[in-house]
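Trainee: How does the following fold in three dimensions:
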Amino acid sequence: MRESYRAKQSRKARINREKEERNLSKRKTKKIQNNNSQDIERNIQMNEEKAYDDVIAGRNAVLELLKSDKDINKIFIEQGEKHGSITEIIARSREKKIVLVEVPKSKLDFMAENHQGVIAVVPPFNYCEVEDILEYAKSKNEDPFIIILDGIEDVHNLGAIIRTAETAGAHGIIIPKRRAAQVNSTVVKVSSGATTYVKIARANNINETIRYLKEQGLWIIGTDGDAKTEYYNQDLTGPIAIVIGSEGFGMSDLVKKNADILVKIPMFGKITSLNASVSSGIIIYEVVKQRLNK
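Mentor: The predicted structure follows:
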């Protein structure tokens, strides 16, 4: 029996529709495969960089790193014309025989923010022990000057405090191992590379560390808004450790109790608190002032 014209057209339409559905399915499958391949490639790239656990981004931070004797695994620089400090970074890298890789900006964007066209891949940050800080002060024949950070959580604050501590000649910084900001690429960048020079120790228990420092002859000076003594009226010479509390909460009650002396920064405005890194800078440089005038 011959197929009617209408049935023939219907059959052709059905065949074309099925064909289009098969093609669409193939395109979707291919797209998924391509996306998976791209994801795998991105993960491989990410794992390649994360294998060293950290990167240092930004021109100043990388330049300070190159001036030090710290290990550098590789330096990535953005493709294109090179100007300013990038040329010095390239020269120092070649002098030290460090692998230089030119990559598109997109790869640098993937690895870190605000990279300024250069990223160094480095081993994990090398924390020291509290004893190393004390030994460093002893080697310089100076009274120990240590900064203890009781729960600073903002990496920008941590970086700024490290930068101030380095410029002030503090012998080291102690931070908690848990529930606090750790040294990462952002901290290094904010510190302008000061992490390269400052000894930073991590403590399992801040209060036990405070007790240990007391046994070594250090005075523990806590900073608290309710203290009765203004910081500039307190003797800050001799072996000391300055404790800076966390953003918003200050020092924990137990740390406050274990401090030998509490000092405050007087407030005269309507806002009764300062950023943690600003507070640190004020106290740290009061120590510098008193030591210079001793």
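Trainee: At which residues are the helices of the stretch 51-200 of the chain located?
Mentor: 59-67, 85-95, 105-111, 130-139, 155-168, 185-190 (DSSP state H, counting those that start in this stretch).
Trainee: out of the ones you listed, which comes closest to Pro124?
Mentor: helix 185-190 (11.5 Å; CB to CB). Every residue, glycine included, has its C-beta placed from N, CA and C.
Trainee: Which neighbouring elements make contact with the closest one?
Mentor: strand 54-57, helix 59-67, helix 155-168 (3 or more CB pairs under 8 Å, 6 or more residues apart in numbering; DSSP states H and E).
Trainee: Now stretch 188-207 - C-alpha only, CSV.
Mentor: The C-alpha coordinates for stretch 188-207 follow below in CSV (Å, rounded to 0.1, in the frame of the first residue of the first chain):
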residue,chain,number,x,y,z
VAL,A,188,53.2,38.8,52.5
LYS,A,189,51.9,41.4,50.0
VAL,A,190,50.4,43.7,52.7
SER,A,191,53.6,43.5,54.7
SER,A,192,55.5,44.6,51.6
GLY,A,193,57.8,41.6,52.0
ALA,A,194,58.5,42.2,55.7
THR,A,195,57.6,38.5,56.3
THR,A,196,60.9,37.8,54.7
TYR,A,197,62.8,39.4,57.6
VAL,A,198,60.5,39.0,60.7
LYS,A,199,60.7,35.9,62.8
ILE,A,200,57.1,34.6,63.3
ALA,A,201,56.3,31.7,65.7
ARG,A,202,53.1,29.9,66.2
ALA,A,203,51.9,28.9,69.7
ASN,A,204,49.6,26.0,70.5
ASN,A,205,48.5,27.9,73.6
ILE,A,206,49.1,31.6,74.0
ASN,A,207,48.7,31.5,77.8
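Trainee: For that stretch, buried residues please.
Mentor: Under the neighbour-count criterion of 16 or more other CB atoms under 10 Å, stretch 188-207 has 188-196, 198-203, 206 buried.
Trainee: Go through the residues you listed and name the one nearest Tyr136.
Mentor: Lys199 (5.9 Å).
Trainee: for the residue nearest to Val183 when sequence neighbours are not counted, what are its contacts?
Mentor: Of all residues not flanking Val183 in the chain, Phe125 sits nearest, at 4.4 Å (CB to CB, 6 or more residues apart in numbering). By CB atoms under 8 Å, 6 or more residues apart in numbering, the contact list for Phe125 reads Asp54, Gln182, Val183, Asn184, Thr195, Ile200.
Trainee: Distance check, Phe125 against Ser191.
Mentor: 12 Å (CB to CB, to the nearest Å).
Trainee: just His156 next, same as before
Mentor: On the measure of CB to CB, His156 and Ser191 end up 10 Å apart.
Trainee: remind me which residues of the stretch 51-200 of the chain are low pLDDT?
Mentor: 51-53 (pLDDT under 70).
Trainee: one step back: shared neighbours, Phe125 and Ser191?
Mentor: Overlap between the contact sets of Phe125 and Ser191, as judged by CB under 8 Å, 6+ apart, is nil.
Trainee: sorry, back to before: got the helices and strands packed on helix 185-190 as a markdown table, with distance to Thr229 and mean neighbour count columns?
Mentor: A markdown table is the format used below for those (distance: least, CB to CB, whole Å; neighbours: other CB atoms under 10 Å):
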| stretch | distance to Thr229 | mean neighbour count |
| --- | --- | --- |
| strand 54-57 | 40 | 23 |
| helix 59-67 | 37 | 21 |
| helix 155-168 | 21 | 22 |
